[in-house]
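**Q** Sequence first, then the predicted structure, then my questions.
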2 protein chains.
Amino acid sequence: MRDYQLPPSKCIAMMKLLAFCLFIISLINIPIAEARIRHYKWEIKYEYRSPDCYKKLVITINGRTPGPTIFAQQNDTVIVEVKNNLLTENTAIHWHGIRQIGTPWFDGTEGVTQCPVLPGDTFVYKFVVDRPGTYLYHAHYGMQREAGLYGSIRVALPDGKSEPFAYDYDRSIILNDWYHKSTYEQAAGLSSIDFQWVGDPQSLLIHGKGRLNCSTAKSPLKADVCNNTNPECSLYSMTVVPGKTYRLRISSLTALSALSFQIEGHNMTVVEADGHYVEPFVVKNLFIYSGETYSVLVKTDQDPSRNYWATTNVVSRNSTTPPGLAIFNYYPNHPRRSPPTFPPSGPLWNDVDSRFNQSLDIKARKGHIHSPPATSDRVIVLLNTQNMVNGTRRWSVNDVSFNLPHTPYLIALKENLLHTFSQTPPPEGYDFANYNISVEQDSNGTTSDAIYRLQFNSTVDIILQNANSMVTNVSETHPWHLHGHDFWVLGYGRGKFDRINDPKKYNLVDPIMKNTVPVHPYGWTALRFKADNPGVWAFHCHIESHFFMGMRVTFEEGIERVGKLPSSIMGCGETKHFRKP
Amino acid sequence: MRDYQLPPSKCIAMMKLLAFCLFIISLINIPIAEARIRHYKWEIKYEYRSPDCYKKLVITINGRTPGPTIFAQQNDTVIVEVKNNLLTENTAIHWHGIRQIGTPWFDGTEGVTQCPVLPGDTFVYKFVVDRPGTYLYHAHYGMQREAGLYGSIRVALPDGKSEPFAYDYDRSIILNDWYHKSTYEQAAGLSSIDFQWVGDPQSLLIHGKGRLNCSTAKSPLKADVCNNTNPECSLYSMTVVPGKTYRLRISSLTALSALSFQIEGHNMTVVEADGHYVEPFVVKNLFIYSGETYSVLVKTDQDPSRNYWATTNVVSRNSTTPPGLAIFNYYPNHPRRSPPTFPPSGPLWNDVDSRFNQSLDIKARKGHIHSPPATSDRVIVLLNTQNMVNGTRRWSVNDVSFNLPHTPYLIALKENLLHTFSQTPPPEGYDFANYNISVEQDSNGTTSDAIYRLQFNSTVDIILQNANSMVTNVSETHPWHLHGHDFWVLGYGRGKFDRINDPKKYNLVDPIMKNTVPVHPYGWTALRFKADNPGVWAFHCHIESHFFMGMRVTFEEGIERVGKLPSSIMGCGETKHFRKP
């Protein structure tokens, strides 16, 4: 090797160049206080995957399910270019928890805010994430979410701002349940006269991974269909460093199941729900319903010489689905090393009280309370029932099962095409005096595509009233999700909501704001929201099959304040009759 | 019971009323010489069916697959209201063999003549059936035809006119092959980088019925998936009366297979092909390719004390698919009674000569010859090859694999949206001098959405040139189907088409007209047609997977003569940017 020296002049010139380079690099690394653009390009298509060792066709985003996490900071603009490569199937993607203020057309709700995105087309979603917190995205078309098209959105605070709680690391976990039948098969069974219920899911997935036992399944499965040696279905392992505090963002996008989640030997302190700070409370089991997100703080303060189980169990149904497992891996133990213990069993599936009580425990964090209006301008009671409509089994609200019209509401209302859906307002309640919520009632229902039109800026109360389903002594848990808003959760109760006395017990002091909330078996849940976001917004049970069977309503507010609609949302219903400009 | 007499005046009045009623009734029954409207309402959806005893999701029309036969007379107008209840999947239905003169927008070819029909939408097809004969309909979107969306169109002569051959009864049989995987699974395999060929079909269906042996399949299938006692999959039985002549309309809509069809102990006299009268010739085995229709005359002149097998076999591929069986039932034998013989074996799969010779035998019937123009204005040679394009395996023409643009050509051309697809004309031939069709060549290809624009009323010759595929010593049989036209079949040959000498051997005397024609292994087929039907027309291999993999081209002619497009075909691509009129 040759040794040599530079002449001093050259050396100084190079030093200057180096300094200039460092300056440029420093510019790139400077935290930029202003909002940024977060640009994603996604290709969605069907691919074979084995998330629980069972091989089936799933929908991937850029080859992955769950899809890539969207990372952004408050007030950033997120742009997602979605190329639909599903070949013959349309799509639409909803940004769950993002209110889409000023961009109601990018809410991604097929039939409500847009026409479906056709195969081969690229649809560009563009919206601002205006609040920090934990959110989700998923297909919002038929039962497509179940096929694997889902993921997380994590919105951080702007640089220099900090959360009202301390943690060392920030991690995400999506919980899901998993069926082996295709969504086509499930949908065909649900919509046929010869009704076939989807049944219990085959697996619970933790962050997209589960582990079906191929050999002890009811009948052994062939190796080309189910293979426990497939590395794709090794259990999810989250590596943690002992002696730290972890923020775990836990969300659920189950098709059906209400879940309990726990980490063996570790308590969890709940600090966030659906993007809002929670007055901290400690749980061993976190109950979580489809569409909900929570942040919990977990201290890695246990014996660091071993790993621990993270488990999820079905609650609220007497389910045959085995628990979902993952490994909470204390570094430097091997991430695949099984804990020396049996996985902890979950809570009793029918322990409604515990779930009810967790709901009551969730309150807004002191210093971060958004006070609700003291009174409301309108009260809409939504009775949750199962009905027979034209020979098919449906889920309904006030005995009306929802049908989508051919032209998305946002377009129909903005373009004044009111003939495209029923102008008879849907019912604001049910037969309060005579309907017995505790037993099966006359199960005949109707369908309608009518919507609730809300006065802009008015305050609306929604009472979700649960009831007995078509099965004796069964009342299910329904997680209701509202688009375009957060609502205050004013109260939960048992039995039939008392319109006179129950409102007097509303929590108007420190109610949590959420976008998804359960209504417990035979119970009621009271919500309040301001109709201050111009657009048309879905409100529905987040159970995929219930949604598919008509358990949804639609709200409109301030349509006259909605800006010019982008042409990309057009293409169906009456918009076909539009002509070249 | 009371006996009474009417007064004579009342009796006369009643007689007059009766006479008037009879007159009205006679009016209703009078054969109406003018064209009629044939109105069909179809609901298409996914349902579970077991056509070959294996239960899977299929697409039905009004609950049936094959769908209902459309019966019409020449010059009738057929209206089919198609309600798409596929939930998340689009559709489009092609009327195979109907030229759509004056209604190019109702050809049903997704991406060429219309946007896909969205779930929930009802699309109304309306067209004139201007010639008698045997035609087909089927989905023309992705690989959807394979899911079971297909059926027959039978157009009779007007009352008082008769065919140039005599028969007592008129029957239809559709032949098909059948896969157990869904079209989604097949399409995902074909379009992935990790290419997975669809493989051999599991069954051959005769008129929608087959019979898989559930217990001797490679591994026994569970009774809830495959059940040989299911009456749905009893063999198709055609009851015939001894001593009569039957016209059998035999058509093939196989996904992949070239077929041979025979009826044990009976000869068949071929009299019609694709709606044109054939100079009669007799066959024991009828070779039939996907998209073809034939009428044969069969005399029920055999021993009437027993039944006979009707069988169909895969030819042109060394296939693992078992033969398809049906019962040719001589009345009054029981229709399910098995014939006392073994089903006859079909011809050798690789006996290309016999198939080649049948092609040569098909000539126009004397007295019904449409003479072709003596010369053509343009010759387009289409070399059929397999290519690798961007890591995926494709079928191509002149090394160019076809891609659909986002805006259907008919709309793009009529509305002058020429930026929506490539304006570089596709190649009119290949490297004639250097390309060796007998061995695998450099397999890299490109894709394009460019089309052939034909001068209106010009005469165009198409030379289909077969070649070796990407597999050594394999050249497949491709049935090519032209939309919007019949073509004259001027000749078939072996090896490389000789542009100087082969045209001298063209049959210009009595060539048959067809809409679908095979190009045999390592051979060529020469076609001629008049570009006299204003519109945009697909021309493609009728093998579903080959079509899906890009083996298609598109012709345009007389776009300036196309009338105002119906808005129902809009909704995709650039038509989304159209605005409210």
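**A** Thanks, I have it.

**Q** in the stretch 151-300 of chain A, what residue is nearest chain B?
**A** A:Ala188 (4.4 Å; C-beta to the nearest C-beta). Where you see a C-beta, it was placed from the backbone N, CA and C, and this is true even at glycine.

**Q** Distance of that residue relative to B:Glu544?
**A** Taking C-beta to C-beta, to the nearest Å as the measure, A:Ala188 falls 22 Å from B:Glu544.

**Q** which residue is nearest the centroid of chain A?
**A** Compute the mean C-alpha point of chain A, and by C-alpha atoms, centre = their mean the closest residue is A:Gly291, 3.0 Å away.

**Q** my read is that one is in a strand, agree?
**A** No: counting by DSSP: H, G, I helix; E, B strand; the rest coil, one finds A:Gly291 to be coil, located in no strand.

**Q** returning to what we had before: tell me which element the residue of the stretch 151-300 of chain A closest to chain B is part of?
**A** In this structure, A:Ala188 sits in helix A:183-191 according to DSSP states H and E.

**Q** got the angle for that helix vs helix B:183-191?
**A** 170 degrees (axes from the mean of the first three to the mean of the last three C-alpha atoms, to 10 degrees).

**Q** Name the next helix or strand downstream of helix A:183-191, please.
**A** strand A:203-206.

**Q** ranges for the helices of chain A?
**A** Assigned by DSSP state H, chain A shows helices spanning A:8-29, A:183-191, A:352-361, A:409-414, A:544-548.

**Q** Run through the neighbouring helices and strands of the second one.
**A** In this structure, helix A:183-191 makes packing contacts with helix A:544-548, strand B:37-49, strand B:56-61, judged by 3 or more C-beta pairs under 8 Å, 6 or more residues apart in numbering or on different chains; DSSP states H and E.

**Q** So which of these is nearest A:Asn227?
**A** With respect to A:Asn227, and counting by C-beta to C-beta, the nearest of those is strand B:56-61 at 23.0 Å.

**Q** is the closest one up against chain A anywhere?
**A** Yes: with C-beta under 8 Å from any C-beta of the partner chain as the criterion, chain A is reached by strand B:56-61 at B:Leu57.

**Q** count of neighbours near the residue of the stretch 351-500 of chain A at minimum distance from chain B?
**A** Nearest to chain B in the stretch 351-500 of chain A, going by C-beta to the nearest C-beta, is A:Glu415, at a distance of 5.5 Å. Neighbourhood size, A:Glu415 [other C-beta atoms under 10 Å in any protein chain shown]: 17.

**Q** Just want the phi and psi numbers for it.
**A** With angles defined as degrees, to the nearest 10, A:Glu415 sits at phi -90, psi 10.

**Q** go on, A:Asp121?
**A** phi -80, psi 150.

**Q** Please list all residues in contact with it.
**A** A:Lys83, A:Asn84, B:His406, B:Cys572, B:Gly573 (C-beta atoms under 8 Å, 6 or more residues apart in numbering or on different chains).

**Q** Of the residues you listed, just say which sits nearest to A:Pro344.
**A** Among the contacts of A:Asp121, and counting by C-beta to C-beta, the member closest to A:Pro344 is A:Asn84, at 42.1 Å.

**Q** partners of the closest one in the sheet?
**A** In this entry, A:Asn84 is beta-bridged to A:Ile44, by DSSP bridges.

**Q** related to what we said a few turns ago, could you save the helices and strands packed on helix A:183-191 as TSV and add columns showing distance to B:Ser345, mean pLDDT and mean neighbour count?
**A** Listed next are these as TSV, based on distance: least, C-beta to C-beta, whole Å; pLDDT from 0 to 100; neighbours: other C-beta atoms under 10 Å in any protein chain shown:
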stretch	distance to B:Ser345	mean pLDDT	mean neighbour count
helix A:544-548	49	97	23
strand B:37-49	29	97	18
strand B:56-61	29	97	22
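
**Q** Nearest to B:Pro322 among those would be which one?
**A** strand B:56-61 (17.7 Å).

**Q** Count the residues that sit near the spatially closest residue to A:Pro116 that is not a sequence neighbour.
**A** Closest residue to A:Pro116 apart from its sequence neighbours, by C-beta to C-beta, 6 or more residues apart in numbering or on different chains: A:Asn90 at 3.3 Å. Neighbour count for A:Asn90, taken as other C-beta under 10 Å: 25.
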